[in-house]
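# here is my input, please return the structure:
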Amino acid sequence: MADIRPLPEAVADLVRDGDTVAMEGFTHLIPFAAAHEVIRQGVTDLTLARMTPDVIYDQLIGAGLVKKLIFSWGGNPGVGSLHRFRDAVENGWPRPLELDEHSHAGMANRYVAGASGLPFAVLRGYRGTDLACGSGTISTVTCPFTGEELAAVAALNPDVTVIHAQQADRDGNVLMWGLTGVQKEAVLAAGRVLVTVEEIVDELVPRPGGVVLPGWAVTAVAEVPGGAHPSYAAGYSVRDNDYYQAWDPISRDRERFTAWLRRNVLDREGAATR
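Numbers count the residues shown, from 1 in each chain. Sure, this is the predicted structure:
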């Protein structure tokens, strides 16, 4: 059974210097509040994994907490580039950033292998790309039945996975619905799991297409209404498109970004992008 704990306490206990951390969520249910708590606590030397790193990882990278990124796409969705990400890659500011880049299918299969207790996953992919040249986690295997050469990707087992969901009950069972991406696989692949939720309820009511994560698969739950903002939580909030638009000029300038980070994250009273 998962513990229900305040977010600062859960982050302090579960997210540690040098960890490989997956913060998953596709379009919605992105765990921004948890990421901001990681920044406030200064947890550093992180390897971050995410299928689609967007603004949440731009902020963590810009805060200087990240040494490596495992990913399959990066950008400010609907707007453009991630400028703190680019600055780290191109100029080493605030620190150099090592990259392990994959396709979406490759990343998804890495999580599936990790969740399944397998050392690697097999797929058709990567042909015609040079991604394997820059990664030690992409290789090939020969099918023992057909002789076909296939791509192989190493299992991804994060030290800790952090996600946001709509509801949890008092035993720590979690319910999410809408676009759920690879959250389930990332949770089952991880050594420790932190889930922030919109609300704690007495009883979960299953929904068509919903995903229930049993309490035994979750280490801690923190009730954080609005914890996905500026992304959204289906049934609870809508996407803050203005935030994503405003992020582009903020993130282009180091001084402006640093001031934003201090005012809106390090200062716990700050909340809005401006």
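# let me see the contact set for Arg170.
Residues in contact with Arg170, defined by CB atoms under 8 Å, 6 or more residues apart in numbering, are 4, 200, 202. Placement of C-beta: from N, CA and C, glycine included.
# residues in contact with the first one?
Think Ile4. Contact analysis of Ile4 by CB under 8 Å, 6+ apart lists 168, 170, 172, 200, 220-223.
# which of those fall within strands?
Filtering these for membership in strands, criterion DSSP state E, returns 168, 200, 220-223.
# returning to that earlier point: report the buried members of the contacts of Ile4.
Buried by 16 or more other CB atoms under 10 Å: 168, 172, 220-223, out of the contacts of Ile4.
# would you turn those residues into a markdown table with distance to Gly62 and pLDDT?
Below are the buried ones among the contacts of Ile4 laid out as a markdown table (distance: CB to CB, whole Å; pLDDT from 0 to 100):
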| residue | distance to Gly62 | pLDDT |
| --- | --- | --- |
| Ala168 | 31 | 98 |
| Gly172 | 33 | 97 |
| Ala220 | 27 | 98 |
| Val221 | 28 | 98 |
| Ala222 | 24 | 98 |
| Glu223 | 28 | 98 |
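# let's have the residues you listed in a markdown table, adding distance to Asp267.
Rendered in a markdown table, the data for those read as follows (distance: CB to CB, whole Å):
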| residue | distance to Asp267 |
| --- | --- |
| Ala168 | 28 |
| Gly172 | 31 |
| Ala220 | 25 |
| Val221 | 26 |
| Ala222 | 20 |
| Glu223 | 22 |
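# out of these, who's nearest Val38?
Sorting the buried ones among the contacts of Ile4 by distance to Val38 puts Ala222 at the head of the list, at 12.6 Å, by CB to CB.
# what sits against that closest one?
Taking CB under 8 Å, 6+ apart, we find Ala222 in contact with 4-7, 10, 34, 194-197.
# for Val174, list the residues it contacts.
Applying CB under 8 Å, 6+ apart, one finds that Val174 lies in contact with 2, 165, 167-168, 195, 197, 212-213, 215, 218, 221.
# what helices or strands is the strand or helix carrying Val21 leaning on?
Val21 belongs to strand 20-23 when elements are defined using DSSP states H and E. Using 3 or more CB pairs under 8 Å, 6 or more residues apart in numbering; DSSP states H and E as the contact criterion, the neighbours of strand 20-23 among helices and strands are helix 32-41, strand 46-50, strand 160-169.
# now do the first one against strand 46-50, angle only.
Translated: helix 32-41. Helix 32-41 and strand 46-50 meet at an angle of 170 degrees, taking axes from the mean of the first three to the mean of the last three CA atoms, to 10 degrees as the criterion.
# only the buried residues of helix 32-41, if you could.
Buried, per 16+ other CB under 10 Å, within helix 32-41: 32-39.
# show me the domain layout of the protein.
3-102+157-246, 114-154 (automatic domain parsing).
# helices along the stretch 151-274 of the chain, start to end?
With DSSP state H, counting those that start in this stretch as the definition, the stretch 151-274 of the chain shows helices at residue ranges 183-189, 241-252, 254-261.
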